[in-house]
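Asker: need a structure here:
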Amino acid sequence: MKLYFSLLIIVTLSSCSLDNQEGIKTIDTGAFEIDVPDSWKYHKEKGDDSFVGRIVGNEIELFFDWSEMGYANSLILTEQEYIYEHDYLWMPVNLPYGKDGVIYTTGDIEGVRQQIMREKGIRDPLLVKVEPFQIPMKQVIHSGNEYAAILTYKDTSIRVAIEIPEEIRNHNIQVDTVGHYICKLITPRKGIDGMTGVYFKDLNSNFNFNIVGSIKRIRDQESAIRAFKTIKIKREVN
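Answerer: Have a look, this model is predicted:
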């Protein structure tokens, strides 16, 4: 049975009213509602696979992407997402248990072989050795702000330093579970130098949604964050 579900996203912080100096209004896009200053305007855009649009003020522009198919960008990864869910971004390609002259891939072996042969002008497939990537066991070590991993395959182990990208280090990323959704609130560690946005992911389906800002003033950033806390997602859930 399907129920109509409207969720007030609070992002685990106590709710707070928007700045009343200008006055507040509710924008209803049909998919979600958000409370914003009176001067901000909603513009619906044309999207191919998603519901997209903009919310625009004098010195601020918020872009949103709503996708039932999971096409909305998750914005900036958290440290945990980077380390555990996207380890291909930091794990070395040439591991000590690899064979000399062998190219390892997580993709289609024959497809990679043919691509290399074309790029290098090789006609004999026996000269291009491609094997599946050998995934090691992984143990992550955390000390202060530093991360490392012990990678073990069969009887061989190596220690690899995990460098967290500056983009992640330069942002505060707060993750909460609210109702049916994981909610990720992203703000720069310093002023407006970076990304200000919020991302939602349904726990039980492919649905995701983000809204992220192009912001030039601190006061607009503060207004955007307060507005994010008033978002009401309106969609059918099982």
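Asker: chain center to stretch 155-172: distance?
Answerer: On the basis of CA atoms, centre = their mean, to the nearest Å, stretch 155-172 is displaced by 17 Å from the centre of the chain it belongs to.
Asker: swap in stretch 61-75?
Answerer: With CA atoms, centre = their mean as the basis, stretch 61-75 stands 10 Å off its chain's centre.
Asker: Quick one: residues in contact with that stretch.
Answerer: For stretch 61-75, the surrounding residues in contact (CB atoms under 8 Å, 6 or more residues apart in numbering) are 29, 31-32, 47, 49-56, 81, 184, 186, 195, 197, 199, 201, 205-214, 224, 227. C-beta here means a position set from N, CA and C on the backbone, and glycine is covered the same way.
Asker: Give me the subset of the residues you listed that lies in helices.
Answerer: With helices taken from DSSP state H, the overlap with the contacts of stretch 61-75 comprises 224, 227.
Asker: Now which of the contacts of stretch 61-75 would you call buried?
Answerer: With burial judged by 16 or more other CB atoms under 10 Å, the buried subset of the contacts of stretch 61-75 is 32, 50-53, 55-56, 184, 186, 195, 197, 199, 201, 207-213, 224, 227.
Asker: can you tell me which of those are in strands?
Answerer: Counting by DSSP state E, the part of the buried ones among the contacts of stretch 61-75 found in strands is 32, 51-53, 55-56, 184, 186, 197, 199, 201, 208-213.
Asker: Quick check: mean pLDDT of the one helix or strand residue 147 maps to?
Answerer: Using DSSP states H and E, residue 147 sits in strand 146-153. Here strand 146-153 scores 92 as its mean pLDDT.
Asker: How about stretch 129-141?
Answerer: 88.
Asker: same question, stretch 193-209
Answerer: For stretch 193-209, mean pLDDT rounds to 96.
Asker: and if you look at stretch 49-57?
Answerer: The predicted model assigns stretch 49-57 a mean pLDDT of 95.
Asker: which other residues reach that stretch?
Answerer: With CB under 8 Å, 6+ apart as the test, stretch 49-57 has contacts from 27, 29, 31, 34, 36-37, 39-46, 61-67, 69, 71-72, 211, 220, 223.
Asker: can you pull the contacts of residue 22?
Answerer: The contact partners of residue 22, by CB under 8 Å, 6+ apart, come to 37-39.
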